[in-house]
Structures are given as structure tokens and as C-alpha cells.
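Asks: Kindly return the folded structure for what I paste below:
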Amino acid sequence: MNTLPKPVWVMISLALIVLVIHMLAPILMPFLLAAVLAYMGDPLADRLEARGMARTWAVVTVFACLSLCGFLLLVITLPLLIEQLQLLMERLYDGLRWLQSTALPKLRGYLDLPEQTEPMDAARSAISQHWQSAGGILFYLWDKVSGSSLVLVAWLANITLVPVVTFYLLRDWDVLMAAIRNLLPRSIEARTVLIAQQCDEILGAFARGQLLVMLALAAVYTVGLWVVGLDLALVLGIAAGLASIVPYLGVIVGIAAAGTAAFFQFDGLWPLAGVAAVFGVGQLLESMLLTPMLVGEKIGLHPVVVIFAILAGGQLFGFVGILLALPFAAVIKVMINHLHDEYKLSGFYGAVPAAPEVSESDD
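Replies: Reported below is the predicted structural model:
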């Protein structure tokens, strides 16, 4: 009986994994979120366990800290976010009105263009009707989420399932990793563990370190914009902090959005200078303190790779693909590094033979 080559089996296995993820995507979201939280909390639980605490109590401590932080963050920021999102919609409406009444007439006069106000009127009318019919952007999103009783029940079940699965995964994380290692064929076990450790270094530096950097920058930007007096300080500070998942993107997004908001809110250039100073200080803190201390010298994933992985994962598998994007990118990066090393050592690559030395007697 003829057997297929190993590469063929590998390709078949990968295709089956992709197919299963695609078919189970609607129910995978809470499990993947729980796996991400357990992965991020496992090092802290290991440290507590190394200091003599039982694994269960270490997990309970970490889980309680994560739950308390999440609850406080939700209670403190949610009312402010609702208020600021409503204010953001009002500012967008005012911006459209200013664009139609001031900017476009000047532009038409400068370019000698005919009067045409229908597109801006239509845009403003669409925003107004959309806002009034939904009662606010959050109420509109809630209406979409809870459009049917089954969707609402599934949504609540997923939210409830995340902390439960997180607790059990965090408690048995080391046991699961050991079981997976024992299932590996002995011929590839050492190489696979080496690749997994390298992937863990990349993901650990990015997922844990970069998340802390994002949260710290969000706090710095929010406080700084609040000191400047910007009404949308919370929304814009959080948005700029989250955008910092890609280096320099948070600064670009933050300056553009906060500068525009300051332009409509204040008269004069000093608030704009204050906005620039806030993001300048944030960038200095990120490059000189936060990234070296929390992430390390090398994240391992290029910013372009991060952007492409997140967009590709979202396009292929939705939110599940976004959660899986960075782990897959890390695995692919490590595999490419190993293939590159093997290629450099292969006979196909081959070193260029050195030119024979010419002795003085041959002259």
C-alpha cells in the first residue's frame, strides 16, 4: 500500500484545521478569548506557584485580580464612553455643518466652481436620521446585537462562558501543555518544542508587553488631553492607545483626531500646540521607557506583518481570525527563520569558493 509523503499529510492536516476553524467560528470566540486571557495570566500564576502557593490558589488570585481590574475598568469608563460617544456624534454633525457652510463655499470661490450643496446635505441628513432613529450609537449597536432573542441569548452565553473557561484553562495550562508535548512523535518532539518556545517568546513580548504599553499610552494620552481641556479626551486617548499596537500609528491617529477636535472646540493655536505636546511626550515615553521596560529590545513581529495579519485574519475568519492572526504570524515567522537557516546550510545555497591566492613567485 502506497503512503503519501509527509509534506502531503502536513498540507492535508493544515487544510482540515482551517476548515474546522471556519465551520466552528461562531462558537470559538469565547474559547479563544479565554485562551488569550489564560495565556497572559499563566506567567503570573507560575511566579506565585514558584513562591510556594498552591496552583489552585495562585490561579484564584490571578483570576480575581483580572476580574477586579476588568470590572473597575468597565464601571469607570463605560458611562464616560457613552457620554463622549454621544458628544462625538454631535461634533461630527457640527464638523459637517462647518464644512458645508464655511469650507466648501471658500473652496468653490477659490476654484470658481458652481454651487452644489446636495452631497453635504445628504450626508448630514443621513447622520441625523441614523442618530435619531437609533437613539445614539451605542443604542444602535445594542439594537443590532439584540435583534433577536436567540442572538441575545447566545451573546450573553458567550460573555458568561469566557470567565468560566478562562479559570479552568488557567488552572490546567501547564498540564495541557505537557499533555500536548507527550502526544508529539518522539522524532519531532525536540524540534517542535524549540519552535514553540521561540513562538512563545515572540507572542509573550508582543501580547503581554505591547498590551501594557497600549494601556499606559492610553492613560497618558487621556490625562494629557484632559489637561489640555479637550472634551473628547477619553475617547481619543483610548483610540490612540489602542492604535499604538503598530508603532507610530497611535501618534499619527491621535494627532490627526485630537487636532481636528481641538480645532473645532477652541479658538487659537495654543490648544493645538498642547495636543502636539501631549503626543510628543507620549512618544518619548514609549520609545525611551515603556517599550524597553515592558516589551524589550525586540518584539519579533514587523509592524507591516502585524497590520497584514490582523486584516487578513479578520477578512478570512472575522473576529476569530483577528484573535488567531498574531499567533499564526508568530508561528509562520519562526518557521521561515528555521527554513532560512536550513537553506543557508544546504548544498543548494553553497558558499562561493574563494579565489586562489597568487604568490609572489608567480609574478
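Asks: residues near Leu24, how many?
Replies: 12 (other CB atoms under 10 Å). In this view, the C-beta of every residue, glycine as well, is placed from N, C-alpha and C.
Asks: Which element, helix or strand, includes it?
Replies: Leu24 belongs to helix 6-50 when assigned by DSSP states H and E.
Asks: other SSEs contacting that helix?
Replies: Applying 3 or more CB pairs under 8 Å, 6 or more residues apart in numbering; DSSP states H and E, one finds that helix 6-50 contacts helix 55-98, helix 149-171, helix 173-183, helix 303-345.
Asks: which element is the residue nearest the centre of the chain on?
Replies: With distances taken as CA atoms, centre = their mean, the residue of the chain nearest its centroid is Ile245 (5.7 Å). Using DSSP H and E, Ile245 falls within no helix or strand.
Asks: dump the residue contacts of it.
Replies: 210, 214, 306 (CB atoms under 8 Å, 6 or more residues apart in numbering).
Asks: Run a quick check on Pro30 versus Leu156, I expect a contact.
Replies: No. If you go by CB atoms under 8 Å, Pro30 and Leu156 don't touch, sitting 11.1 Å apart.
Asks: Neighbour count: those two, which is higher?
Replies: More neighbours surround Pro30 than the other of Pro30 and Leu156, with 18 against 11 (other CB under 10 Å).
Asks: List every C-alpha atom in stretch 281-288, with coordinates, as PDB.
Replies: Coordinates of each C-alpha in stretch 281-288 appear next as PDB, following Å, rounded to 0.1, in the frame of the first residue of the first chain:
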ATOM      1  CA  VAL A 281       5.600  63.400  25.400                       C
ATOM      2  CA  GLY A 282       3.800  60.100  24.900                       C
ATOM      3  CA  GLN A 283       6.100  59.100  22.000                       C
ATOM      4  CA  LEU A 284       9.200  59.900  24.100                       C
ATOM      5  CA  LEU A 285       7.800  57.800  27.000                       C
ATOM      6  CA  GLU A 286       7.100  54.900  24.600                       C
ATOM      7  CA  SER A 287      10.500  54.900  22.900                       C
ATOM      8  CA  MET A 288      12.700  55.600  26.000                       C
END
